[in-house]
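>>> Compute the structure for the input listed below.
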Amino acid sequence: MTIVITGATGQLGRHVVKALLERNVPAGEIVAAGRSVEKIADLAERGVQVRTMDYADAASVAEALKGARKVLLISGSEVGQRVEQHRTVIEAAKAEGVELVAYTSIANADTTGMKLAAEHQATEAILQESGVPFVLLRNGWYLENYTDQLPGTLAQGAIAGSAGEGRVSAASRADYAHAAAAVLVAGNQAGRIYELGGDEPFTMADLAAEISAAAGTHVSYQDLPPQEYAGMLTGFGVPEAFAEILADSDLGIARGDLLVSSGDLRKLIGRPATSLAEAVRSAAATA
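Here you go, the predicted model:
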């Protein structure tokens, strides 16, 4: 059985390949596909099949999916182009006759009003219409969305945003990857929908408190009107369109759009999800 991981040159994809290896899936039955394959030369050295694939190149997608039984479609990173890119992968999977496509969607995709969710919602609709057996991995936010910003947060002494007192069920990339691996090696997954998120949702004020405790210096949370927050982001060099999406996503957090209470992540990985405190302490130790 060949399992193809698309976007495997990205951080989540790499974690999934490693999680499959940890589950004793033979390296030769794993295909790591992506654009910058030089980034995964170490996986090739472990026996993983490495194939060049670009979502925007249908021929490369078809070639990468040859012989696939299962495909993990990791959502693309190019906002605004992802629907057609995902369609290309789904059509290639259908032509190949795969038994399952697992897609990394967004938490609460069927109810959220976040702008960032629109392409995920469209992709879910394409899967429904395609006739390809599929499973949805509706991932919440990454803890790394926050911990990767730690040096800047500490330098500024504050976290800014528009999330109010909304709570977010974030988890680590590695946890989401282990969940994906668990689904890929299991049977009878077609038609299932997993709402994935951390065990302990937190507010931005909670995040500031955890950073303060871990770093030994006071960090506050500054809640801003969304336009002001978007303007601040553009001032830091974030493209205007993406800054507006980020501010809108914070409004989604304020509404509870990224709150997950299913317990699906914990069940799939067989242990508690990485906590905010663990993630922040780890990041602070190397900041």
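>>> In this structure A177 contacts A19, no?
Yes. Counting by CB atoms under 8 Å, A19 is a contact partner of A177 at 4.9 Å. For the C-beta atoms, the positions are set from N, CA and C on the backbone; glycine is no exception.
>>> more crowded one of those two?
A177 (26 against 22; other CB atoms under 10 Å).
>>> Could you confirm the more buried one falls within a helix?
Yes. According to DSSP: H, G, I helix; E, B strand; the rest coil, A177 belongs to a helix.
>>> so what's it scoring on pLDDT?
A177 carries a pLDDT value of 98.
>>> For the stretch 101-250 of the chain, which segments are assigned as helices?
With DSSP state H, counting those that start in this stretch as the criterion, the stretch 101-250 of the chain has helices at 118-130, 144-147, 150-156, 173-185, 204-215, 226-235, 240-255.
>>> now what about the shortest one, what contacts it?
In this case it means helix 144-147. Q11, I159, A170, S172, R173, L207, A279, V280, S282, A283 (CB atoms under 8 Å, 6 or more residues apart in numbering).
>>> Sitting in strands, which of those do you find?
Using DSSP state E, I159 are the members of the contacts of helix 144-147 that sit in strands.
>>> Closest one of the contacts of helix 144-147 to M232?
Distance to M232 across the contacts of helix 144-147 (CB to CB) is lowest for I159, with 11.6 Å.
>>> What's the local residue count around A107?
Counted with other CB under 10 Å, A107 comes out at 26.
>>> H218 too?
Based on other CB under 10 Å, the number of other residues close to H218 is 11.
>>> Could you report the pLDDT at the closest residue to it other than its chain neighbours?
Counting by CB to CB, 6 or more residues apart in numbering, S212 is the residue found nearest to H218 once chain neighbours are left out, at 5.3 Å. S212 is assigned a pLDDT of 97 by the prediction.
>>> swap in the one 10 residues further on?
Here the pLDDT value assigned to Q222 is 97.
>>> Check A287 too.
74.
>>> from here on, count from 36
I'll keep to 36 as the first residue from here, and by that count the last item is A322.
>>> Would you enumerate the residues in contact with the nearest residue to it once chain neighbours are set aside?
Once flanking residues are discounted, A322 sits nearest to L185: 4.8 Å by CB to CB, 6+ apart. Counting by CB under 8 Å, 6+ apart, L185 makes contact with I246, A250, V315, A318, A319, A322.
>>> Output those residues in JSON lines; the columns should cover distance to R86 and neighbour count.
Below are the contacts of L185 laid out as JSON lines (distance: CB to CB, whole Å; neighbours: other CB atoms under 10 Å):
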{"residue": "I246", "distance to R86": "40", "neighbour count": "28"}
{"residue": "A250", "distance to R86": "42", "neighbour count": "18"}
{"residue": "V315", "distance to R86": "37", "neighbour count": "23"}
{"residue": "A318", "distance to R86": "33", "neighbour count": "21"}
{"residue": "A319", "distance to R86": "38", "neighbour count": "18"}
{"residue": "A322", "distance to R86": "36", "neighbour count": "16"}
